[in-house]
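S.K.: following is a predicted model, sequence given first.
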Amino acid sequence: MRQIIDPQFQLGEQDIAAIELDLKSRDDIPRLLRGLQFIYTEAAVRERVFAILAEVLPERADANGTVSADTGRPGMLQWRILVLGTLRLGLNADYDRIQELANQHATIRQMLGHGDWADDTRYALQTLKDNLRLFTPEVLDRINQEVVRAGHVLLKKSLDDTLAVRVDSFVVETDVHFPTDLNLLADAVRKAIETSADLCEQASFSDWRQSAYNLRCLNKAYRRVQQLKRSTAQDEAKREARQTEIAQACGDYLVLAESFLERARLTRLKLALEAHRPDIQLAPLDAYLAHGARQIDHIRRRLLEGERIPHGEKVFSIFQPHTEWISKGKAGVAVELGLRVAIGEDQHGFILHHQVMEQTTDDQIAVPFVTAIGVRFPEIHSVSFDKGFHSPANQRQLPQVVALPVLPKKGKRSAAEWEREHDPRFIRLRQRHSAVESAINALEAHGLDLCPDHGLDGFKRSVAMAVVARNVHHLGAILLAAEAEQERRRQRRAA
């Protein structure tokens, strides 16, 4: 049976509430651990968070297709999954570092519920990867709400205090290389060859016994086109000759790529008919074949026929197909490859809500995003935006959702709009809006500069976990600062 945390103390184990943290440390680990310790020691918060953690089950089903918490091997305790997941994003660490911390860092092991000397439990790398992926964005969002409410109890003078929210978006980049039609085709054909070779080896077929040589031929043809396209010839005659040479090399590259893809299609048919491989095992090969066919079509149309490919037809990574080409016009940043993420931060520094924006712009999410914050935190009173969220529809609808929307208008203003934007409350909240950049910077510094997880589900999970980790870090920083101040006062009185 999987438990949230073992209720029975083991030999040498210390109560989590009694763990002492260094008040003078400037590292992130004590802040994260103090925030987690507060969640554990506050009975009401712990009860609500543990009720949510009870829903985190291993991806293992019985004969009826259902998952039970009462059957199977015990698995990793949910509290430990939460601690290590928070540390991974809060420290912007990879799984290797988390494994080292979980196995060797004494204070972290105490927070995980391990004894100092009698408990020799060690975490394998794959165990951490499998368990930290059990969280869903929905579960993490609910945990985040409890963390924020716990912080509000600490900071707000009364439960009736209103919230002033600042909303902005930023780009979380995916772990992809810069895309071109040529290298995307090389990726697709390479993976088609490797996948076909692996499947043939499993089925004892010899069709791709020269796969390593095939990959070298593909790479040689790709490099040839790549080097020719880098030419900087100034003479017109030389440029024309080079263009002819590029077209010839590109044609040879396409012919070679098509031949490998056709062989992979025949291999796929043979595996299905003779080896009786099910479609689910052949699905990765099907995906690479489709990517390759699309990129060949794009190269023919763009490089050989001079056609401009519509943006909606383009894919910017065959491994992370959700990646978008985003140009926000920032100085020094021509383009970012990833997805936009919108966040709403209150005046206390807690992130109330976030949203991963798929094929969506700022002005399209303003009203539903504020509505979602209002459902989670009804005490919201004002919301500030920058001009990127402006649209006539938003200007009309936001006053119906929140009491005081602060949304500057683009372009010329009417007399009523000029009066609204020169209201002292509007000016004050707009001047404070830039503080949301601090929250964005904190998220980027603690896990969201580059998302290492694969797939759209992994991307959303990492973003949700980073928001939880940021709020836990902020909660812990507040608690440690207050305790350090109390210690300074005690020392002054003692002196």
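M.R.: Received it, and whenever you're ready, just let me know what you need. This is a predicted model, so every value here is computed, not measured.
S.K.: low-confidence ranges in the stretch 151-300 of the chain?
M.R.: Residues of the stretch 151-300 of the chain meeting the criterion pLDDT under 70: 157, 159, 231-237.
S.K.: packing partners of the helix or strand encompassing residue 48?
M.R.: Secondary structure from DSSP states H and E places residue 48 in helix 43-53. Contact analysis of helix 43-53 by 3 or more Cβ pairs under 8 Å, 6 or more residues apart in numbering; DSSP states H and E lists helix 28-41, helix 78-90, helix 137-155 as its packing neighbours. Placement of C-beta: from N, CA and C, glycine included.
S.K.: residue 469 is nearest to which of the ones you listed?
M.R.: Judged by Cβ to Cβ, the one of these that comes nearest to residue 469 is helix 78-90, at 3.7 Å.
S.K.: past that closest one, which element shows up next along the chain?
M.R.: Heading C-terminal from helix 78-90, the first helix or strand you meet, by DSSP H and E, is helix 95-104.
S.K.: who touches the next helix or strand after that next one?
M.R.: Note on helix 95-104: by DSSP H and E, the next helix or strand toward the C-terminus is helix 106-112. Contacts to helix 106-112, defined as Cβ atoms under 8 Å, 6 or more residues apart in numbering, come from residues 14, 16, 19, 21, 29-30, 33, 36-37, 79-80, 83-84, 87, 101-103, 116, 119.
S.K.: from those, which would you call buried?
M.R.: For the contacts of helix 106-112, burial is judged from neighbour counts taken by 16 or more other Cβ atoms under 10 Å, and it is met by 14, 16, 19, 21, 29-30, 33, 36-37, 79-80, 83-84, 87, 101-102.
S.K.: same question for stretch 301-321, mean pLDDT?
M.R.: Mean per-residue pLDDT for stretch 301-321: 88.
S.K.: domain map for the chain?
M.R.: What automatic domain parsing lists as the domains of the chain is 16-152+457-494, 159-175+322-455, 181-313.
S.K.: what about the shortest one, start to end distance?
M.R.: So the one you mean is domain 181-313. For domain 181-313, the first-to-last residue distance is 12 Å (Cα to Cα, to the nearest Å).
S.K.: same thing with the longest one?
M.R.: Taking Cα to Cα, domain 16-152+457-494 runs 29 Å from one end to the other.
S.K.: can you check stretch 300-307 too?
M.R.: With Cα to Cα applied, stretch 300-307 spans 9 Å between its terminal residues.
S.K.: could you list the buried residues of that stretch?
M.R.: Neighbour-count burial for stretch 300-307 [16+ other Cβ under 10 Å]: residue 303.
S.K.: residue 91 touches residue 97, doesn't it?
M.R.: Yes: Residue 91 is within contact range of residue 97, at 7.2 Å (criterion: Cβ atoms under 8 Å).
S.K.: neighbour count for these two, which is higher?
M.R.: Taking other Cβ atoms under 10 Å, residue 91 and residue 97 do not tie; residue 91 has more neighbours (19 against 13).
S.K.: against residue 442, how distant is the closest residue to that one other than its chain neighbours?
M.R.: Closest residue to residue 91 apart from its sequence neighbours, by Cβ to Cβ, 6 or more residues apart in numbering: residue 28 at 5.8 Å. Separation of residue 28 from residue 442 (Cβ to Cβ, to the nearest Å) stands at 10 Å.
S.K.: same question for residue 95.
M.R.: Applying Cβ to Cβ, the value for residue 95 to residue 442 is 22 Å.
S.K.: which of the two has more neighbours?
M.R.: Taking other Cβ under 10 Å, residue 95 and residue 442 do not tie; residue 442 has more neighbours (19 against 16).
S.K.: what number of residues lie near the closest residue to the more buried one other than its chain neighbours?
M.R.: Computed as Cβ to Cβ, 6+ apart, the closest residue to residue 442 that is not its neighbour in sequence is residue 470, at 5.8 Å. Here the count is done by other Cβ under 10 Å, and residue 470 has 29 residues near it.
S.K.: which parts of stretch 120-129 count as buried, going by neighbours?
M.R.: Buried residues in stretch 120-129 (16+ other Cβ under 10 Å): 123, 128.
S.K.: can I get that stretch in CSV, CA atoms only?
M.R.: C-alpha atoms of stretch 120-129 as CSV (Å, rounded to 0.1, in the frame of the first residue of the first chain):
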residue,chain,number,x,y,z
ASP,A,120,20.4,3.1,4.6
THR,A,121,17.7,3.8,2.0
ARG,A,122,19.1,5.0,-1.3
TYR,A,123,17.3,6.3,-4.3
ALA,A,124,18.0,5.0,-7.8
LEU,A,125,18.0,7.5,-10.7
GLN,A,126,15.1,5.7,-12.5
THR,A,127,13.1,5.6,-9.3
LEU,A,128,13.2,9.3,-9.0
LYS,A,129,12.3,9.8,-12.7
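S.K.: okay but the residue nearest to residue 442 is in contact with residue 439, surely?
M.R.: Yes: using Cβ under 8 Å, residue 470 is in contact with residue 439, at 7.3 Å.
S.K.: identify the contacts common to those two.
M.R.: Counting by Cβ under 8 Å, 6+ apart, the common neighbours of residue 470 and residue 439 are residue 351.
S.K.: surely residue 169 meets residue 338?
M.R.: No: here residue 169 does not reach residue 338: they are 11.7 Å apart, not a contact under Cβ under 8 Å.
S.K.: find the residues that touch each one of the two.
M.R.: Here residue 169 and residue 338 have no joint contacts, going by Cβ under 8 Å, 6+ apart.
S.K.: show me what contacts residue 294?
M.R.: Neighbours of residue 294 in contact, by Cβ under 8 Å, 6+ apart: residue 315.
S.K.: let's see 10 Å
M.R.: When contacts are counted by Cβ atoms under 10 Å, 6 or more residues apart in numbering, residue 294 touches 181, 184, 185, 188, 313, 314, 315, 318.
S.K.: and for residue 459?
M.R.: Contact analysis of residue 459 by Cβ under 10 Å, 6+ apart lists 137, 172, 174-175, 320, 322-323, 338-339, 341, 356, 358, 451-453.
S.K.: quick one: buried ones out of the residues you listed?
M.R.: Using 16+ other Cβ under 10 Å as the burial test, the contacts of residue 459 include 137, 172, 174-175, 320, 322-323, 338-339, 341, 356, 451, 453 as buried.
S.K.: out of those residues, who's nearest residue 375?
M.R.: Within those, proximity to residue 375 (Cβ to Cβ) peaks at residue 137, which comes in at 16.2 Å.
S.K.: state the distance from the closest one to residue 460.
M.R.: In terms of Cβ to Cβ, residue 137 sits 5 Å off from residue 460.
S.K.: kindly report the same for residue 246.
M.R.: 41 Å.
S.K.: please apply the same query to residue 182.
M.R.: As judged by Cβ to Cβ, residue 182 and residue 460 stand 31 Å apart.
S.K.: and residue 308, which of the three is it?
M.R.: coil (DSSP: H, G, I helix; E, B strand; the rest coil).
S.K.: out of the contacts of residue 459, the closest to residue 307 would be?
M.R.: Checking those against residue 307 with Cβ to Cβ, the nearest one is residue 323 at 23.0 Å.
S.K.: can you report phi and psi for the closest one?
M.R.: With angles defined as degrees, to the nearest 10, residue 323 sits at phi -60, psi 140.
S.K.: list the residues that contact it.
M.R.: With Cβ under 10 Å, 6+ apart, residue 323 has these contacts: 173-176, 179, 315-317, 336-339, 456, 459.
S.K.: now with 6 Å?
M.R.: Listed by Cβ atoms under 6 Å, 6 or more residues apart in numbering, the contact set of residue 323 reads 174, 176, 316, 317, 337.
S.K.: how much space between it and residue 301?
M.R.: Taken as Cβ to Cβ, the span from residue 323 to residue 301 is 21 Å.
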